[in-house]
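Visitor: Coordinates for the following, if possible.
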Amino acid sequence: MATRVILDINEPQYEYKGPLMLASGHRPFFLCAGVYATLSLALWVAAWEGYLPLDAAWHGHEMLFGFATAAIGGFLMAAVPKWTNLRPIQGGRIALLVGLWLLGRVAMWFEPVAWLDLLYLPALGGFVLHMLIRSRNKRNYQVAAVLFGLAGLNALYHFVDPSLALRATTYLVTGLIALIGGRIIPAFTQNALRMAISRDITCTTPRWIDVLAVPAVIVVVACELAAPGSQWAGIAAAVAGVILLLRMLGWQTVKTLYDPLVWILHAAYVWLPLGYLLKAAADLGGPVDGSAALHALTAGAIGTMILAVGSRAALGHSGRPLKVRKTTVVVYVLILAAAIVRVFLPIDQAMLISGLLWTAGYGLFCIDYWDILTKPRVDGLPG
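Guide: Got it, this is the predicted structure:
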């Protein structure tokens, strides 16, 4: 039996009077994510070349707990009101969350107060959980659980083992991608293909695969925490990779090539099974570099999925047609190229080339989406 997903795209109706940038959390957080993806990677490239005293732990932390959690905040600020049918978080509460996120970025430069970085995720998780409880939306309690799990791993980074925390965080964030991606990718794809090609097209996933996908990733997180890089972690990663790959076989991927806003979602998702299969190969003694496997999930799955979802959500929540500009397609190509170079190019300059491609890609995203994220909705609705 297969699962068919129908997506409700109706916009909630409400009045808002206040600063435009605080009307919806996706505005400041997607901008923060884009700007920080550009800035932090540029700083890391400079450090890699010997111009700044930054280490790999800082780079990994700021990519995950800086860039990725800003994007997660932006997505949830747009999605949770639809899940719960409640008024979105706005105004001062958005300012508080953005302020805590910014405080964390500054604090990471000053060791005595670096712990201030721990404040943002529990606050975000608290706001999300409050809305879910109010609406009795038990289906999405697991999303709040992931946020609190990330907060715990951030504490592990600061006080116990940074390297272990960053690896486990990578797998937990990809678990969130597996959870949300498994809902939105087939739904968005089916809607787009039915409008463009045929009303008879369906995107399906076997029910048992849907049930196992996220738990399979969580098992990898547990194995990594208990026995990092062990044979058990490798076996768990192999199982997760196969399940995640089987999951997308009914999503009509080949038919999406005409629409960049759809194919980028598939291109981002495919990094999930690829990354876990590469991790399995590395952990089980295969000729695969562990760093390459990790970057298939970070630069590949996380970096590309944030771009795919962020660009689509920004258009949808601005009242614009779901059609990307040519410059956005260039952004997609640059970020995919950055991931491919970092994971597969066997030369010493791979990190530098990948970093430059990434910086150019997310820099162009900021320019391309600045007006969309900073100007009122074209349909006159709030948000």
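Visitor: which element is Pro122 on?
Guide: helix 120-134 (DSSP states H and E).
Visitor: elements contacting that helix?
Guide: Where contact means 3 or more C-beta pairs under 8 Å, 6 or more residues apart in numbering; DSSP states H and E, helix 120-134 is packed against helix 69-84, helix 92-107, helix 141-159. To be clear about C-beta, it is placed using only N, CA and C from the backbone, and glycine gets the same treatment.
Visitor: any chance of these in CSV, with mean pLDDT, mean neighbour count and distance to Ala267 too?
Guide: As requested, the helices and strands packed on helix 120-134 are arranged in CSV below (pLDDT from 0 to 100; neighbours: other C-beta atoms under 10 Å; distance: least, C-beta to C-beta, whole Å):
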stretch, mean pLDDT, mean neighbour count, distance to Ala267
helix 69-84, 95, 24, 17
helix 92-107, 97, 18, 28
helix 141-159, 97, 19, 23
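Visitor: Could you point out which of those helices sits nearest Trp44?
Guide: helix 92-107 (13.9 Å; C-beta to C-beta).
Visitor: what's the angle between the closest one and helix 141-159?
Guide: Orientation check (axes from the mean of the first three to the mean of the last three C-alpha atoms, to 10 degrees): helix 92-107 against helix 141-159 gives 30 degrees.
Visitor: hmm, back to that, tabulate the helices and strands packed on helix 120-134 (TSV), appending distance to Ala56.
Guide: Compiled in TSV, the helices and strands packed on helix 120-134 are given as follows (distance: least, C-beta to C-beta, whole Å):
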stretch	distance to Ala56
helix 69-84	19
helix 92-107	18
helix 141-159	13
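Visitor: Tell me which of those helices approaches Ala238 most closely.
Guide: Between the helices and strands packed on helix 120-134, helix 141-159 lies closest to Ala238; by C-beta to C-beta that is 22.8 Å.
Visitor: residues in contact with that closest one?
Guide: With contact meaning C-beta atoms under 8 Å, 6 or more residues apart in numbering, helix 141-159 is reached by 57, 61, 65, 69, 72, 76, 114-115, 117-118, 121-122, 124-125, 128-129, 132, 164-166, 168-169, 172-173, 175-176, 179-180, 214.
Visitor: before we move on, what SS does the nearest residue to Asp289 once chain neighbours are set aside have?
Guide: In this structure, Asp289 finds its nearest non-sequential neighbour in Ala282, 6.8 Å apart by C-beta to C-beta, 6 or more residues apart in numbering. Under DSSP: H, G, I helix; E, B strand; the rest coil, Ala282 falls in the helix class.
Visitor: could you measure Ala282 against Trp271, distance?
Guide: 16 Å (C-beta to C-beta, to the nearest Å).
Visitor: Name the residue in these two with the higher neighbour count.
Guide: Per other C-beta atoms under 10 Å, whichever of Ala282 and Trp271 has more neighbours is Trp271, with 28 against 21.
Visitor: close enough to count as contact, the more buried one and Thr298?
Guide: No. Applying C-beta atoms under 8 Å, one finds Trp271 not in contact with Thr298, separated by 9.4 Å.
Visitor: what distance separates the helix or strand encompassing Leu278 from the centre of its chain?
Guide: Assigned by DSSP H and E, Leu278 belongs to helix 271-283. Averaging C-alpha positions (C-alpha atoms, centre = their mean, to the nearest Å) puts helix 271-283 18 Å from its chain's average.
Visitor: thinking Val113 is in contact with Leu119, fair?
Guide: No. The pair Val113 / Leu119 is not scored as a contact, 11.1 Å apart, by C-beta under 8 Å.
Visitor: who has more neighbours, these two?
Guide: Leu119 (19 against 12).
Visitor: Could you check how far the more buried one is from Ala95?
Guide: 14 Å.
Visitor: So which residues make contact with stretch 33-50?
Guide: 52-55, 58-59, 62-63, 66-68, 70-71, 74, 105, 303, 306, 310, 351-352, 355-356, 358-359, 362-363, 365-366, 369.
Visitor: Now do the buried residues in it.
Guide: 33-45, 47 (16 or more other C-beta atoms under 10 Å).
Visitor: Let me see the mean pLDDT of that stretch.
Guide: Stretch 33-50 shows a mean pLDDT of 97.
Visitor: One more: stretch 179-196?
Guide: Here the average pLDDT along stretch 179-196 is 94.
Visitor: Now do the contacts for Val98.
Guide: Gly25, Pro28, Phe29, Cys32.
Visitor: hang on, I meant Ala338
Guide: Per C-beta under 8 Å, 6+ apart, neighbours of Ala338: Ala299, Gly303, Ser354, Gly355, Leu357, Trp358, Gly361.
Visitor: show me where pLDDT drops low in the chain?
Guide: Applying pLDDT under 70 to the chain picks out residues 1-14.
Visitor: Okay, strands next: where are they in it?
Guide: In the chain, the strands defined using DSSP state E lie at 2-4, 204-206.
Visitor: Now do the same contact list for the nearest residue to Ala292 once chain neighbours are set aside.
Guide: Distance criterion C-beta to C-beta, 6+ apart; nearest residue to Ala292, sequence neighbours excluded, is Val343 at 4.9 Å. Counting by C-beta under 8 Å, 6+ apart, Val343 touches Leu278, Ala292, Ala293, His295, Ala296, Ala299, Gly300.
Visitor: Output those residues as a markdown table; include the columns distance to Tyr141.
Guide: A markdown table is the format used below for those (distance: C-beta to C-beta, whole Å):
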| residue | distance to Tyr141 |
| --- | --- |
| Leu278 | 31 |
| Ala292 | 35 |
| Ala293 | 31 |
| His295 | 31 |
| Ala296 | 30 |
| Ala299 | 30 |
| Gly300 | 29 |
